[in-house]
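Colleague: Sequence and predicted structure, then a few things I'm wondering about:
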Amino acid sequence: MNNSNKKELYEYKLDLLYYGISISKDCYNTLRKGTNNQINNNDYITTKGLIIVLDSKVYVNANLNNDSYYKIDILNGLYILKYKDLIICNVDIIQPPQFALQLTKISNGEPITDYVNIHGDRIRIQPIEGCANKCKFCDLNKKKYKLHSINDLNEAFIYDMNNVGFRHVLISGGSPLNRNEEYKYLNDVYEFFGKKYGNKFPIDIMLVPRGLNIDSNNYEGYEIFLKKLKEWNISGLSINLELYNDDYRKKYIPQKDFVGKEKYFKFIELAVKIFGKGNVRSCIIIGLEDIQDSLKAVEELCKIDCMPVLSPYIPNDDETFLPKPEFMKEVLLKSKEIADKYNVELGPICDSCKHNAIHFR
Ligand code: SF4
């Protein structure tokens, strides 16, 4: 291969999402190691890779794969990405922070990573361990369902604020059981972090459409709840449609399917009205359903000024497969055309958070 055969950086990103990355011995030796000599943190199916930055521009969450032809090596003291013998570009490596590699604990003896995690420049707060939902592609619901105390979450958050640093916050973790005490608990978490830290850091929440309590899961209740979140200093929302095709929704995301697509779109529309364009996004999983279904999802979201986030399907079984790089490229280019038509950006906005999304950066 000579330089004229080189692809665009984003095409390498799609390749790396698919093939993963191998690490040369020299490179491995320079990296920080965890308790098992690991160099990354296997915390969640979409974030368990190593974040690398291609040519200081394009962020990729690349899974470690010794068999990949893509390799990070060292040349003249700098990290470089190679495909076989071809040098592609310089890379930066963003390893997980020390507390994640070393499984540092908070005062109750549990690892900080049970409560918060940092990826790039964002901290993720996880109020619920496990999940009430049973999305087929997710492994979070395999963990025992448990609510974390706000004190413990705050202790872990303060540790990271003092020892690591971050630019913005996402409150995510598992979805709640349909019980008023769980709704109230999450409301308390949103209010606590929003009021205490919302003026210092932008805080986003990832959630399924809901009202303030289980009896207000209707349009009026949605609006009241969303206004409350805004009042509590929450900056943005991630309301993930995941899939568009009803058969796939039933099979892969039964609880979200039960809420109904119509309610998702209404909740998202209200969220955009209250939080503003550019502050509401929605993940679409690419590679399970037909491309036309994914593009319909993109169009329906763009129509209501919500940013679509294209997320590659990551299988956790032997029957399904990651989408091929060419497939991701086709969806990306067609989605961009649709998004441009509606003057909407493909999300997420933060470059570092694009690491696991199908994107140009
Ligand atoms: S709602 Fe989210 S955390 Fe829960 S199973 Fe589905 S994808 Fe996983």
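Modeller: Done, it's in.

Colleague: and the residue in the stretch 151-300 of the chain positioned nearest to the ligand, what is it in contact with?
Modeller: Using CB to the nearest ligand atom, the single residue of the stretch 151-300 of the chain nearest to the ligand is residue 175, 4.2 Å away. C-beta: built from backbone N, CA, C; applies to glycine. Taking CB atoms under 8 Å, 6 or more residues apart in numbering, we find residue 175 in contact with 128, 131, 132, 133, 207, 208, 255.

Colleague: Give me the buried subset of those residues.
Modeller: In the contacts of residue 175, burial by neighbour count holds for 128, 131, 132, 133, 207, 208, counting by 16 or more other CB atoms under 10 Å.

Colleague: quick one: pLDDT of the fourth one?
Modeller: For residue 133, the pLDDT comes out at 97.

Colleague: mind checking the SS state of it?
Modeller: coil (DSSP: H, G, I helix; E, B strand; the rest coil).

Colleague: With residue 148 as the reference, measure out to it.
Modeller: 18 Å (CB to CB, to the nearest Å).

Colleague: which stretches of the stretch 201-350 of the chain form strands?
Modeller: Taking DSSP state E, counting those that start in this stretch as the test, the strands found in the stretch 201-350 of the chain are 203-206, 236-238, 280-286, 307-312.

Colleague: Tell me the strands beside the first one, with direction?
Modeller: So the one you mean is strand 203-206. strand 168-171 (parallel), strand 236-238 (parallel) (DSSP bridges).

Colleague: Get me the contact residues on this structure for the ligand.
Modeller: Within the chain, the residues that sit near the ligand (CB under 6 Å from any ligand atom) are 131, 133, 135, 138, 140, 141, 174, 175.

Colleague: Please give me every residue in contact with the first one.
Modeller: Spelled out, it's residue 131. Neighbours of residue 131 in contact, by CB under 8 Å, 6+ apart: 138, 140, 141, 143, 145, 173, 174, 175.

Colleague: Now do the phi/psi pair for it.
Modeller: phi -160, psi 150 (degrees, to the nearest 10).

Colleague: any idea how far the ligand is from the spatially closest residue to residue 324 that is not a sequence neighbour?
Modeller: Among residues not flanking residue 324 along the chain, residue 18 sits closest, at 6.5 Å (CB to CB, 6 or more residues apart in numbering). Separation of residue 18 from the ligand (CB to the nearest ligand atom, to the nearest Å) stands at 21 Å.

Colleague: Show me what the helix or strand hosting residue 18 packs onto, helices and strands only.
Modeller: Using DSSP states H and E, residue 18 falls within helix 9-19. Using 3 or more CB pairs under 8 Å, 6 or more residues apart in numbering; DSSP states H and E, the elements in contact with helix 9-19 are strand 50-54, strand 58-62, strand 70-75, strand 86-94, helix 325-341.

Colleague: between that helix and strand 307-312, how many degrees?
Modeller: Per axes from the mean of the first three to the mean of the last three CA atoms, to 10 degrees, the angle that helix 9-19 makes with strand 307-312 is 50 degrees.

Colleague: Quick check: buried residues in helix 9-19?
Modeller: Neighbour-count burial for helix 9-19 [16+ other CB under 10 Å]: 9, 10, 11, 12, 13, 14, 15, 16, 17, 18, 19.

Colleague: Tell me the one of these nearest the ligand?
Modeller: Closest approach to the ligand among the buried residues of helix 9-19 (CB to the nearest ligand atom): residue 17, at 18.4 Å.

Colleague: any idea how far residue 100 is from that closest one?
Modeller: Counting by CB to CB, the gap from residue 17 to residue 100 is 21 Å.

Colleague: that older thread, dump the helix holding residue 18 to CSV, keeping only the CA atoms.
Modeller: Extracted in CSV, the C-alpha atoms of helix 9-19 (Å, rounded to 0.1, in the frame of the first residue of the first chain):
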residue,chain,number,x,y,z
LEU,A,9,-9.5,9.5,9.0
TYR,A,10,-13.1,8.8,9.7
GLU,A,11,-13.0,5.6,7.6
TYR,A,12,-10.1,4.4,9.7
LYS,A,13,-12.3,5.1,12.7
LEU,A,14,-15.0,2.9,11.3
ASP,A,15,-12.4,0.2,10.6
LEU,A,16,-11.1,0.4,14.2
LEU,A,17,-14.7,0.2,15.6
TYR,A,18,-15.0,-3.0,13.7
TYR,A,19,-11.5,-4.7,13.8
